[in-house]
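Undergrad: one predicted model, sequence on top.
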Amino acid sequence: MEEFIHIAGHVLEHSVSDTLYLIPFLFVTYLAMEWLEHKTGSKAQAAVQRAGAAGPIVGAVVGVVPQCGFSAAASTLWAGRVITLGTLFAVFLSTSDEMLPIFIAEQVPLAVILKILGAKIVIGMVMGFIVDAGMRLARRIDAPLHIHDLCEHDHCHCHDGEGGILKSAFKHTVQVALFIFAVTVALNTVLEVVGEDALATFLGANQALSVLGSALVGLVPNCAASVVIAQLYVDGVLGSGAMLAGLLVSAGVGLLVLFRANRNWRQNVAIVVGLYCTGVAWGLIANALGIVF
């Protein structure tokens, strides 16, 4: 009974902290989207969309900031079609989640950290432009949505009555935060029971499949994934290719926000599959070229 209480307390503590961290990002994102629609109208949205061609550059640079708040914001922005799919990919691929704090704590040389961050930024940009180019060639550029489309999807009725954009942004933030909290509790419970050591054993058991395994673990929408991958790389269990594959796909709870905010689950699954394949491909390329950070 005492062990159960300990595990439950630990899970609850981490789940609350993980969710609270994201709330400011979510609120600011929804507030910006509300302002964009209610205050600036169609001309401002057209300007944002015209600037979207350079989105992968901005997305890759912004996404490299530690933690996964920007990936959560990017998911919301793409659900409203404010940014392009390529920009979303750029953010996801460059997002480092908990990698940077772990590397700093383990006193990884600055030159190594900068090389890894630089690789993630460049890969994010390249893949972002490729995705956008592919969408244009396939004539699959999504029509712009509006924040009220998200409202209809969520059935929040936040545009009814008084309150304006603050009320609407607050309601969206609460709904998404509750969803993230519930899923995070479930994930933290599994990780607490299974243990991070089990993940380490899984990744280090077969070097030939370490790239595939690392990318699979990286998709877990929880900071524990990037922590384990970064730590195993520092400990010498994972090579550069496997580390790169896992950290490229470690978008954290950005993936949870994607499934909550975007109504088309087939699109969401396709994005996750594309993200995984991208991470594996670049990991294998790094191994083939003998790249060592």
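TA: That came through fine. Bear in mind the structure is a predicted one, so any value in this text is a computation, not a measurement. Residues are numbered from 1 along each chain as shown.
Undergrad: what about the protein, any weak spots by pLDDT?
TA: 1, 3-4, 33-34, 36-52, 66-68, 140-163, 187, 194-208 (pLDDT under 70).
Undergrad: how about a cut-off of 50?
TA: 41, 44-45, 47-48, 143-146, 155-161 (pLDDT under 50).
Undergrad: which residue ranges of it form strands?
TA: With DSSP state E, there are no strands along the chain.
Undergrad: wait, doesn't residue 272 sit right on residue 219?
TA: Yes - applying CB atoms under 8 Å, one finds residue 272 in contact with residue 219, separated by 6.6 Å. Every residue, glycine included, has its C-beta placed from N, CA and C.
Undergrad: mutual contacts of those two, please.
TA: residue 255 (CB atoms under 8 Å, 6 or more residues apart in numbering).
Undergrad: residue 9: neighbour count?
TA: When neighbours are defined as other CB atoms under 10 Å, residue 9 has 10 of them.
Undergrad: check the one 5 residues further on too.
TA: Residues lying near residue 14 (other CB under 10 Å) number 19.
Undergrad: what about it, distance to residue 20?
TA: Separation of residue 14 from residue 20 (CB to CB, to the nearest Å): 11 Å.
Undergrad: go on, residue 242?
TA: 32 Å.
Undergrad: the more surrounded of those two?
TA: Taking neighbours as other CB under 10 Å, residue 242 and residue 20 compare with residue 242 leading, 30 against 11.
Undergrad: quick one: residues contacting that one.
TA: 203, 210, 211, 213, 214, 233, 283, 287.
Undergrad: most neighbours, which of the residues you listed?
TA: Greatest neighbour count in the contacts of residue 242, by other CB under 10 Å, goes to residue 214: 33 neighbours.
Undergrad: I'd guessed residue 113 sits against residue 103; true?
TA: Yes - between residue 113 and residue 103 there is a contact under CB under 8 Å: 5.2 Å.
Undergrad: higher neighbour count, those two?
TA: Taking other CB under 10 Å, residue 113 and residue 103 do not tie; residue 103 has more neighbours (22 against 16).
Undergrad: wait, that one sits on residue 234?
TA: Yes - judged on CB under 8 Å, residue 103 makes contact with residue 234 at a distance of 7.2 Å.
Undergrad: tally of neighbours for residue 60?
TA: 27.
Undergrad: break down the stretch 151-293 of the chain into its helices, ranges please.
TA: Listed in chain order, the helices found in the stretch 151-293 of the chain under DSSP state H, counting those that start in this stretch are 164-194, 196-204, 210-218, 223-234, 240-248, 254-261, 265-288.
Undergrad: what packs against the last one?
TA: For helix 265-288, the elements it packs on are helix 85-94, helix 110-137, helix 210-218, helix 240-248, helix 254-261, judged by 3 or more CB pairs under 8 Å, 6 or more residues apart in numbering; DSSP states H and E.
Undergrad: to residue 181, which of the ones you listed lies closest?
TA: Between residue 181 and the helices and strands packed on helix 265-288, the tightest spacing by CB to CB is seen for helix 254-261, at 9.9 Å.
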